[in-house]
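S.K.: I'd like to go over a predicted model; first the sequence, then the structure.
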Amino acid sequence: MKILALTLACGVLFAADPTHVPKANTKVANTPRPHVLSPEFYEYPVAQGSMPVENPADHVPYYGYNDNGPLLPAPGAVPAVDKPVIEASKTEPDKNAYLVLPRQSGPDANYYYGQHFLFQGHETGLNGHFTRVNLDALDADHRITLMATQDINKKALPIFDGITWYPWAQRFLLSAELSGTTGGLWQATLDYPSQVEDISGVVGRGGYEGIQADNQGNVIIVEDIGGTNGTKYPNAKRPNSFVYRFIPTNPYNLTSGGKLQVLQVMGRSGKPILFNSASVDDSIANPDMQDLHTYHLTFPTKWVTIHDTAVSGFTPFDAGALAKGSNGGTPFKRPENGQFRPGSDFTEFYFDETGDTDNRTQAGTQFGGYGSIFKLKLSPSSDDGTLQLLYLGDQEHTGLDNCTFFDENKIIFVEDAGDTLHTQRNALDSAYLFDVRVDYGSPNAPKPIRIIAEGRDPSATIDSALSGLAGFQNEGDNEITGIHISDGDPTIDGLLGASIPTPFTNGWRFFWTAQHGDNVTFEVKSKVRQNW
């Protein structure tokens, strides 16, 4: 085990990398596994799926469960067509946003709710909603607050995937990773009950997931819509998702309108790499896709405006359909999330591709079948930039999804490989630390550092055994999600990417969620130093 040197002059920083966890947890039928973290870290739960919300409503009595069945199946219960619900639907708390906030209220007017809060949307279940974990709560009755299940027009909310705090408008932005006609962005107030508003009339509808703002109030939106499988390549999917930038007319009021742009990459042929509507197979395997997934190539990029409310008005529109136009964007293989590099003045944005999550993919590494990490050089005040490959995924490091910067140079990406690939490779998900200064295309490049080998809790083990049976509606193996490092600053200076993280000191806190199963959200602490 490495000994971490401490630098006291600028707080307490890791002078050496966390110790690499040598292997992922294996997947064994009917066998739970514990999480394994780098030995410098430990974790404790701040919320769990079975925790009751203090204000149950609209089928949401618990942090991670609906009210349509028992929290665990009865002994011997097997789903059937005439009785499919043997276990309550799990709501799957997803991405996290941490804020330090004074004077927050809740359902109990006589209770002091503290100052430290973790907010999250919920990705599945009977209805959409988002919740607040009151980290200072001293009793279970006030630990989880249900913030909203309806918008300001009393319309049911969609299920949410992404969340970020947008300080100009003093709103959360919540993304719905649904189809082009039902997904989009919603904004929500901090106060209880939260006022939630659909803003798809200005930002469009799409399978939006990752959302981050730069220091000018522009919003980068990363879309995740899986493409269709090929005929020649039946285990590979066509690139079908886009990266967008929304430039608001007035960042203090996003409903005032703005421009939606899509990222367009120029290929080595001198022509833009665009969506190929004619052939799925040619979309999966072609020279442009191979080039994008080749180390040491740099591609010019441009933000192309596909919708402007000043011209086209405020009717919700299908962003993906516009992005697939003749002067549209470059499609990627499920680019789910990204984050600005701290200290780059919002000129470096790193985002991932999840890939095909199937080791039978005919795309392989050559065409991005195992996903990747890209470095996008950009400017808040310009449409021009460059794109290059930082890391090319393989079977061991694939299904990359959520991310967060650990310090100025290192970013964590976590896997969502899925039950199929877990079984194929006999390995559950991991969280990896990547150094953006490393040339991972070099033969002597170090491997990413595994800092979490996710296990599988008992509930997920049961669900995995039931997965695939007729009528069973819940997910199987646990997934790593909600990886989040922040000091909770709710001002513009607290934007992710504005300050260099110093984990575990100076108020910086580290969270992640073991989604599915028990749906436990953890805080990670350092054994080396605590900032009490």
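M.R.: Yes, it's here.
S.K.: which residue packs closest to residue 360, ignoring adjacent ones?
M.R.: On the basis of CB to CB, 6 or more residues apart in numbering, the spatially nearest residue to residue 360 that is not a chain neighbour turns out to be residue 235, at 4.0 Å. In short, each C-beta sits where N, CA and C put it, glycine included.
S.K.: What of residue 481?
M.R.: residue 515 (4.5 Å).
S.K.: Show the contacting residues for the one you found.
M.R.: Contacts for residue 515 were tallied using CB atoms under 8 Å, 6 or more residues apart in numbering; they are 92-94, 123, 475, 478-482.
S.K.: How about residue 75?
M.R.: Neighbouring residues of residue 75 by CB under 8 Å, 6+ apart: there are none.
S.K.: Show the pLDDT at it.
M.R.: Here the pLDDT value assigned to residue 75 is 91.
S.K.: Against residue 355, how distant is the residue nearest to residue 481?
M.R.: 19 Å (CB to CB, to the nearest Å).
S.K.: Check residue 333 too.
M.R.: Taking CB to CB as the measure, residue 333 and residue 355 are separated by 5 Å.
S.K.: tell me, what's touching the two both at once?
M.R.: Common neighbours of residue 333 and residue 355 (criterion: CB under 8 Å, 6+ apart): 363, 368-369, 371-372.
S.K.: nearest to residue 41, of the residues you listed?
M.R.: Closest to residue 41 out of the shared contacts of residue 333 and residue 355 is residue 371 (25.1 Å), distances taken as CB to CB.
S.K.: Now do the contacts for the closest residue to that closest one other than its chain neighbours.
M.R.: The spatial neighbour of residue 371 that comes closest, neighbours along the chain excluded (CB to CB, 6+ apart), is residue 355 at 3.2 Å. Under the criterion of CB under 8 Å, 6+ apart, the contact partners of residue 355 comprise 333-334, 361, 363, 368-372, 393, 398-400.
S.K.: from those residues, which would you call buried?
M.R.: Burial by neighbour count, 16 or more other CB atoms under 10 Å: within these this picks out 333-334, 361, 363, 368-372, 393, 398-400.
S.K.: from those residues, which is closest to residue 87?
M.R.: The closest of the buried ones among the contacts of residue 355 to residue 87 turns out to be residue 399 (CB to CB; 25.0 Å).
S.K.: how much distance is there from the helix or strand hosting residue 120 to the middle of the chain?
M.R.: For residue 120, the enclosing helix or strand under DSSP states H and E is strand 116-122. Counting by CA atoms, centre = their mean, to the nearest Å, strand 116-122 is centred 14 Å from the centre of its parent chain.
S.K.: Which neighbours in the sheet does it have, and how are they oriented?
M.R.: According to DSSP bridges, the neighbouring strands of strand 116-122, each with its direction, are strand 93-100 (antiparallel), strand 130-134 (antiparallel).
S.K.: Pull the residues that contact it.
M.R.: Outside strand 116-122, the residues that touch it by CB under 8 Å, 6+ apart are 46-47, 91-101, 104, 128-136, 147, 159-163, 172, 174-175, 482, 488, 511, 513, 521.
S.K.: average pLDDT for it?
M.R.: Here strand 116-122 scores 98 as its mean pLDDT.
S.K.: biggest strand in this protein, by residue count?
M.R.: For the chain, the strand that runs over the most residues, judged by DSSP state E, is strand 298-308.
S.K.: Going by residue numbers, what spans are helices in the stretch 301-450 of the chain?
M.R.: With DSSP state H, counting those that start in this stretch applied, the stretch 301-450 of the chain shows helices at 309-312, 319-323, 418-425, listed in chain order.
S.K.: Kindly export stretch 447-463 (C-alpha atoms) in CSV.
M.R.: Below are the C-alpha coordinates for stretch 447-463, written out as CSV (Å, rounded to 0.1, in the frame of the first residue of the first chain):
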residue,chain,number,x,y,z
LYS,A,447,-3.4,1.8,-17.0
PRO,A,448,-6.2,3.8,-15.4
ILE,A,449,-6.3,3.3,-11.6
ARG,A,450,-9.3,1.4,-10.3
ILE,A,451,-10.5,3.2,-7.1
ILE,A,452,-13.8,1.3,-6.6
ALA,A,453,-14.5,-2.3,-7.5
GLU,A,454,-18.2,-2.3,-7.1
GLY,A,455,-19.8,-5.3,-5.4
ARG,A,456,-23.4,-6.5,-5.5
ASP,A,457,-25.8,-6.0,-2.6
PRO,A,458,-28.2,-8.8,-1.5
SER,A,459,-31.2,-7.0,-3.2
ALA,A,460,-29.4,-6.7,-6.5
THR,A,461,-28.4,-10.3,-6.2
ILE,A,462,-32.0,-11.4,-5.9
ASP,A,463,-33.0,-9.1,-8.8
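S.K.: Counting neighbours, which bits of it end up buried?
M.R.: Residues 448-457, 459-463 are the ones in stretch 447-463 that count as buried (16+ other CB under 10 Å).
S.K.: ok, now stretch 474-486?
M.R.: By neighbour count with 16+ other CB under 10 Å, stretch 474-486 contains the buried residues 474-486.
S.K.: and the residue lying closest to residue 243 once chain neighbours are set aside, how many residues sit next to it?
M.R.: In space, not counting the residues next to it along the chain, residue 243 is nearest to residue 263; the distance is 4.2 Å by CB to CB, 6+ apart. The number of residues packed around residue 263, counting by other CB atoms under 10 Å, is 27.
S.K.: Go ahead and confirm residue 263 touches residue 376.
M.R.: Yes: contact between residue 263 and residue 376 holds when scored by CB atoms under 8 Å: they sit 7.4 Å apart.
S.K.: Quick check: neighbours shared by the two?
M.R.: Residues touching both residue 263 and residue 376 (CB under 8 Å, 6+ apart): 243, 301, 387.
S.K.: Let me see the confidence value for the residue nearest the centre of the chain.
M.R.: Nearest to the centroid of the C-alpha atoms of the chain, with distances taken as CA atoms, centre = their mean, sits residue 402, at 3.8 Å. Residue-level confidence at residue 402 comes out at 97, pLDDT.
S.K.: circling back: write a PyMOL command that selects only the buried members of the shared contacts of residue 263 and residue 376.
M.R.: The buried residues among the shared contacts of residue 263 and residue 376 can be selected in PyMOL (16+ other CB under 10 Å) with this line:
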select buried, resi 243+301+387
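S.K.: export the shared contacts of residue 263 and residue 376 to CSV and tack on pLDDT and distance to residue 64?
M.R.: Formatted as CSV, the entries for the shared contacts of residue 263 and residue 376 read as follows, by pLDDT from 0 to 100; distance: CB to CB, whole Å:
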residue, pLDDT, distance to residue 64
243, 98, 30
301, 98, 39
387, 98, 37
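S.K.: which one of the shared contacts of residue 263 and residue 376 sits closest to residue 115?
M.R.: residue 243 (34.9 Å).
S.K.: The closest one against residue 212, yeah?
M.R.: No: if you go by CB under 8 Å, residue 243 and residue 212 don't touch, sitting 11.0 Å apart.
S.K.: okay, and the common contacts of these two?
M.R.: Shared contacts of residue 243 and residue 212, counting by CB under 8 Å, 6+ apart, come down to 220, 338.
S.K.: where are the low-confidence patches of this structure?
M.R.: For the chain, the stretches flagged by pLDDT under 70 are 1-15, 529-532.
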